[in-house]
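Engineer: Any chance you could fold what I've pasted below:
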Amino acid sequence: MRQKALITGVAGQDGSYLAAFLLKKNDEVHGIKLEDLCAGTVNRDLQMARRHALLKAHGHEVPVARENNG
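Structural biologist: Have a look, this model is predicted:
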């Protein structure tokens, strides 16, 4: 089964090796490099995603907020 991965620090040594390994297994790989993490919105979104994943893993429902940019 094809897995999905989000790698923080994908431009670094460990992250790049992990990305290459997963791609060889035909997994779907997404990466965030350090410069991206320095942007406040990306960092905030990543922290929120981690919290949501933790809550879901413990059986909690997590509402999805939708932004209204119109």
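
Engineer: Ramachandran angles for L55?
Structural biologist: phi -60, psi -40 (degrees, to the nearest 10).

Engineer: which residues in this structure form strands?
Structural biologist: 4-8, 28-32 (DSSP state E).

Engineer: Would you convert those strands into TSV that also reports mean pLDDT and mean neighbour count?
Structural biologist: (Each C-beta comes from the backbone N, C-alpha and C, glycine too.) Shown next, in TSV, are the strands of the chain (pLDDT from 0 to 100; neighbours: other C-beta atoms under 10 Å):
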stretch	mean pLDDT	mean neighbour count
strand 4-8	88	14
strand 28-32	87	15
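
Engineer: how about TSV for the ones you listed, with distance to D14 added?
Structural biologist: Listed next are the strands of the chain as TSV, based on distance: least, C-beta to C-beta, whole Å:
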stretch	distance to D14
strand 4-8	9
strand 28-32	12
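
Engineer: okay, now L22: neighbour count?
Structural biologist: Using other C-beta atoms under 10 Å, L22 is surrounded by 16 other residues.

Engineer: quick one: contacts for it?
Structural biologist: Shown in contact with L22 (C-beta atoms under 8 Å, 6 or more residues apart in numbering): 3, 5, 7, 29.

Engineer: how close does the first one get to H60?
Structural biologist: Spelled out, it's Q3. Q3 sits at a distance of 23 Å from H60 (criterion: C-beta to C-beta, to the nearest Å).
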